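# Need the 3D shape of this:
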Amino acid sequence: MSKIKPYKDSDLTKKEQVTKMFDNISGEYDGLNRVISFGIDIKWRKKVVKLVKENNPDTILDIATGTGDLAINLSETNASKIIGLDISSGMLEIGKTKINKKGLDSKIDMILGDSENMPFEDDSFDAITVAFGIRNFENLENGLKEILRVLKPGGAFVILETSVPTKTPFKQGYKLYTNNIMPFIGKTFSKDQSAYAYLSESASVFPYGENLNNILRKMGFINVEDFPQTFGVATIYKSSK
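Below is the predicted model of the structure:
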């Protein structure tokens, strides 16, 4: 996965490239995300919130929070504090504006930071979430080690990520959409055309289903489960420490 780069002619690291990419598309990200997913991502995030609620967390960390969609959704839980962490200042600024408009400033903090080197003490959070961001980690195992470190024992870790359908005709339809239609939409409406080509390509090669389950188990997570969504185009994973 780390070999896929948003800017293939760049000497920047993947982390630096991802930061630059999301800074560039921050202003258009929410709108294009709704178009590309046909708005179904809203339904997926609600399911993540439902799974998180089962643990009744008081403190929640949303990694790769972007413009804060999931962090805002998580305010529906009884958590007293939600922290959104992201490496893109551009995305965070959009998120802060949305949070302010919803009057959630006292409940949600947006922090600039690296998911693979987080500024939190061990065992800090009752629940941790990552929505459509884990495949952008420069080193997946390092990121998961950090998540395990800052998650409290018994805490919940919930991932929402793209996956690849395995059954006909959904597999063929997904391939057609991600290889042709999604990059076309990005090319037509985005000022950073390479960003959506990268997002499509990275989604197609990132481990999903039992492969990601096994990686989570290897890193020390327990009670690992996965829940495919919408014919398998996305998957929700839940585990604990």
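# Point out where the protein drops to low pLDDT.
For the chain, the stretches with pLDDT under 70 are 1-10, 190-193, 196.
# top helix in it by residue count?
As assigned by DSSP state H, the longest helix anywhere in the chain is helix 14-36.
# need the helices for this protein, in chain order.
Taking DSSP H as the test, the helices found in the chain are 14-36, 40-53, 69-74, 89-101, 140-150, 170-176, 182-189, 193-205, 210-218.
# For those, state which one has the densest average packing.
helix 69-74 (a mean of 24; mean count of other C-beta atoms under 10 Å). (Glycine included, C-beta is placed from N, CA and C.)
# Report all helices and strands that it contacts.
Helices and strands touching helix 69-74, by 3 or more C-beta pairs under 8 Å, 6 or more residues apart in numbering; DSSP states H and E, are helix 40-53, strand 59-63, strand 81-86, helix 89-101, strand 108-112, strand 125-131.
# Please tabulate those in JSON lines, including the columns distance to I72.
Shown next, in JSON lines, are these (distance: least, C-beta to C-beta, whole Å):
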{"stretch": "helix 40-53", "distance to I72": "9"}
{"stretch": "strand 59-63", "distance to I72": "9"}
{"stretch": "strand 81-86", "distance to I72": "9"}
{"stretch": "helix 89-101", "distance to I72": "7"}
{"stretch": "strand 108-112", "distance to I72": "7"}
{"stretch": "strand 125-131", "distance to I72": "12"}
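# neighbouring contacts of the longest strand along the chain?
Determined from DSSP state E, the single longest strand within the chain is strand 151-162. For strand 151-162, contacts defined as C-beta atoms under 8 Å, 6 or more residues apart in numbering pick out 44-45, 48, 51-52, 54-55, 57, 70, 123-132, 134-135, 147-148, 203, 206, 208, 212, 216, 221, 233-241.
# Just the buried ones from those residues, in PyMOL syntax?
Entered in PyMOL, the line below selects the buried ones among these, by 16 or more other C-beta atoms under 10 Å:
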select buried, resi 44+45+48+51+52+55+57+70+124+125+126+127+128+129+130+131+132+134+135+147+148+203+206+208+212+216+221+233+234+235+236+237+238+239+240+241
